[in-house]
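J.: Give me coordinates for this.
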Amino acid sequence: MTDEPGGAVPDRGLPESPLLPRLLEAVLSVGSDLELRSTLQQIIDTATALTGARYGALGVLDPGHGTIRELFVCGMSEAEQAAIGDFPDGHTGMLGALVDAPGPLRCDDLTADPRSTGIPPGHPAMRSFLGAPIRVRQEVFGNIYLAEKPTGHFTETDAGLLRVLSAQAGIAIGNARLYESARQRERWIEGAAAVTNTLLTGENLSDALTTVAERARILSDAAAGVILQPTDEGGMEIVVASTDDPAGLVGTAIAPGSPVLAQLLGGEAVFIEDSATDPRMTTPVRSRFGPSMMLPLQSGGRLIGTLALPRGRGARPYTGLDRLLAAQFASQAALALVLADSQHDREQLAVYEDRDRIARDLHDLVVQRLFATEMMLESTRRRAGAGETSELIATAVDELDSTIQEVRTAIFALQQPPAEAPATFRGRVLRETAGAAAVLGFQPSVQFAGAVDALVTEPVGGRLLAALRGALAAAHRREGVSAIEVEVDVTATLPDGRGAVRLTVADDGREPDGSRAPVVTWQAPL
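T.: Here you go, the predicted structure:
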C-alpha cells in the first residue's frame, strides 16, 4: 500500500514538466466533444495512455442507487469483458472505497489489500491499482479505475495526472450532460409539436392514439409504446401497441383489483424499475419488459387513457429527466387529443348541418315540384281518355313516382350520421375488420408492425385489403371460430432482400376434417 492515511493523496502540484504538454493536450481533447458517451470513452482512453496503465475503466454511477450503470473500458478485449460478466456493484471492494474517497487511491498489490474484495472469477489478474472519483458539482458522477502499470506501481505523478484529468473530466461531463439534456428537451418538444400538428389534421381516434404511441416510443428509446383505456369491467386494456414485437399486447388487460390500477385510473403517473419483478404488475406480458413509465393522458379532468413506455429486460433505467419530459409530452398529447376530438366534432356538426339543409331543400323544393308535376300529368291523362297518349302519360307518372321515392330515400340517407372514410391505410384495415365483426359476432385482433401508413401505397394496399376480405370470409365459414388475429407487417423482406408488406390472418376454427384452420399469409414488395 502506498496511499496516504485515509486513502487520499495530498496535492503536490502539477506533474513534472515532460508530461505537461501531453496533459494539456489531453485536457483540451477531453473538452472537445459534447456527446456524453464519446466523452466518457475518451476520458478513460486518455487516462490509461497518460499513466501507462494496461487496463482502464470508467464506471458511471446510478444516482438513485449508487450502483454502476455503465462501464467504459480500455485495454480489454470483448472476450475478456464477456468473461467478467455483470458490472461490479460499486459498493464493495476498492471501487466502493472510492465513492467516499476525497482524492485518488493507490495500491501496489490488490491481492494483499483487505479492501480488494468481490473480484469475479473471470477478471484478469491485477496488482497495481490507481483510482479517482469524478465529481460533477459536488456529485460523484463516476470513478476512474486504472490497473497494471508495467513498473509494478503507480507513482505520485500518476496520481497528480489523474487528479487533474478527473477534475477536468468533471467539467467536461457537466457540459456534456447539459448539452445532452438540452438536445433531449429539444427532441421531446419537436415530437410533441409534430404529434399536435398530426392530430389536428383530422385523424380518427384510433389513428391518433397510434401516432402518440409511436412517437413516444421513439423519443423515449422504449421497446414499446402502448395506450391503455378503461374497460367497462373497471380495469384497463391495451388498445394500441407500437413495437417491433406486437404479439399478445393488444387486448391485454389489467384486471380490477390490481395494485397499480387505482393509480392509473386516478390519473397518476407510475414508474417501474423492473416490470418483470415488480409485484404491482400483473399482466402476462410483463416478463418481456424492464424499466417502464405509465403516464396519464389527461386534460381538463378528462382521462383519455394511459401511455405506457416499457423498455426491454436489462435496459438502462429511466432518469429523472426522462420521466419529466415524457410526462410533459403525455400532457401535451392529451390536450392535442382533446382538441382534435373537439375539432372533429365541429367538423361533423358542420357536415350534419349541411346535410340537413340539403335534405330540407330536396323535400321542400324538388319533391314538392315533382309531386305537383305528377298530379298535373295524372289530371291530363284522365282528360285524354284511352289511347296511346294516355299510356305514355301513365308511364311518365310512374317514372315520376319512382323518382320521388328515390329522392325520399336520399333524404333519409342524408339525415343519418355519415360513415367515416378512413384516410390512412391503417384506418382502412381497421374498417374492414370492424365490418367483419358485425358478421362474426366478435372483434378480430389487429396488430401493425412498422410505419404502415408511410410505406403501403396503391395498388399494393388495395390488393392487401382484398386478400384480407377473402381471409375473413373464409374464417367466417369455418366452425368454432371464436378469435381471429390479423397482422400487417411492413418490416418483412423478400428472399431477394427487397422490403415487403406481409399480411397474416390466423383463427382458432376447424376445417371439415377436424384439422386446425391454416394460417393465411400474403405478401408483396413495397
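
J.: in the stretch 301-450 of the chain, which ranges drop under the pLDDT threshold?
T.: Low-confidence segments of the stretch 301-450 of the chain (pLDDT under 70): 343-348, 351, 359, 361-365, 367, 385-386, 402, 404-423, 438.

J.: How about the stretch 51-200 of the chain?
T.: The model of the stretch 51-200 of the chain has pLDDT under 70 over residues 63-66, 85-93, 95-96, 99-102, 116-122.

J.: Can you give me the neighbour number for residue 324?
T.: Neighbour count for residue 324, taken as other C-beta atoms under 10 Å: 13. C-betas here are computed from N, CA, C, even on glycine.

J.: next one: the one 5 residues further on
T.: By the criterion of other C-beta under 10 Å, residue 329 has 23 neighbours.

J.: residues touching it, list them.
T.: Taking C-beta atoms under 8 Å, 6 or more residues apart in numbering, we find residue 329 in contact with 188, 191, 192, 195, 216, 219.

J.: got it, and residue 229?
T.: Applying C-beta under 8 Å, 6+ apart, the residues near residue 229 are 236, 237, 239, 304, 305, 306.

J.: hang on, the first one packs against residue 226?
T.: Spelled out, that is residue 236. No. Counting by C-beta atoms under 8 Å, residue 236 sits too far from residue 226 to count as a contact (10.6 Å).

J.: Find the centremost residue of this protein, please.
T.: Nearest to the geometric centre of the chain sits residue 217, at 1.6 Å (C-alpha atoms, centre = their mean).

J.: Among the contacts of residue 329, name the ones in strands.
T.: Among these, no member is found in strands (DSSP state E).

J.: what's the closest of these to residue 269?
T.: residue 216 (13.3 Å; C-beta to C-beta).

J.: ok, that closest one touching residue 309?
T.: Yes. Here residue 216 reaches residue 309: they are 5.8 Å apart, a contact under C-beta under 8 Å.

J.: Quickly list what's touching both of those two.
T.: By C-beta under 8 Å, 6+ apart, the residues touching both residue 216 and residue 309 are 222, 225, 326.

J.: Next, the contact list for the first one, please.
T.: Listed by C-beta under 8 Å, 6+ apart, the contact partners of residue 222 are 216, 309, 310, 311.

J.: In CSV: these, plus neighbour count and distance to residue 145.
T.: Converted to CSV, the contacts of residue 222 look like this (neighbours: other C-beta atoms under 10 Å; distance: C-beta to C-beta, whole Å):
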residue, neighbour count, distance to residue 145
216, 27, 37
309, 28, 34
310, 27, 33
311, 24, 28
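
J.: Show me what the biggest helix by length in the chain is packed against.
T.: What stands out as the longest helix in the chain, according to DSSP state H, is helix 156-199. In terms of contacts (3 or more C-beta pairs under 8 Å, 6 or more residues apart in numbering; DSSP states H and E), helix 156-199 is packed against helix 20-30, helix 36-51, strand 129-136, strand 139-147, helix 205-220, helix 320-361.

J.: Excluding chain neighbours, what is closest to residue 223?
T.: residue 312 (4.3 Å; C-beta to C-beta, 6 or more residues apart in numbering).

J.: what bridges to that neighbour?
T.: residue 289 (DSSP bridges).

J.: Looks like it contacts residue 276 (just checking).
T.: No. Using C-beta under 8 Å as the test, residue 312 is too far from residue 276 to be in contact (10.3 Å).

J.: Quick check: neighbours shared by these two?
T.: Residues touching both residue 312 and residue 276 (C-beta under 8 Å, 6+ apart): 288, 289, 290.

J.: Highest neighbour count among those?
T.: residue 289 (23 neighbours).
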